[in-house]
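Asks: 3D model of this:
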Amino acid sequence: MPTYIYETIPPDSDGKPRRFEIRQRMSDQPLREDPVTGLPVRKIITGGGGISLGVLRRSTVVDKKSPAATACGCASGKPHRHA
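Replies: Prediction:
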């Protein structure tokens, strides 16, 4: 279950908002008021940590001597004449 961050909306411009976290299902409706103070709230969007699966790689090691390393398949090192 994800944790969401909310912030109270103070009734006047001098008031300081209170931030708090709450665990909710993704299917739950967003909170409309702070459960402690009763003030209206807004959900804060953060960057988050994301999901790391450990199987995805950003880089690939390529054997440059493999014929698969070039589009024409001529990376074998043997002299080759292109048409």
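Asks: which regions of this protein lie under the pLDDT threshold?
Replies: Within the chain, the segments meeting pLDDT under 70 span 48-64, 66-83.
Asks: ok, which stretches of it are strands?
Replies: Listed in chain order, the strands of the chain (DSSP state E) span residues 3-8, 19-23, 41-44.
Asks: To Pro30, which of those lies closest?
Replies: Pro30 lies closest to strand 41-44 among these, at 5.3 Å (C-beta to C-beta). (C-beta placed from N, C-alpha, C; glycine too.)
Asks: quick one: Pro35 from Thr8, how far?
Replies: When C-beta to C-beta, to the nearest Å is the yardstick, Pro35 and Thr8 sit 11 Å from each other.
Asks: go on, Gly38?
Replies: With distances taken as C-beta to C-beta, Gly38 is found 9 Å from Thr8.
Asks: which one of the two has more residues nearby?
Replies: Neighbour tally, Gly38 and Thr8, criterion other C-beta atoms under 10 Å: the higher count belongs to Thr8, 20 against 9.
Asks: for that one, what are its contacts?
Replies: For Thr8, the set of contacting residues under the criterion of C-beta atoms under 8 Å, 6 or more residues apart in numbering consists of Pro17, Arg18, Arg19, Asp34, Thr37, Leu39, Pro40, Val41.
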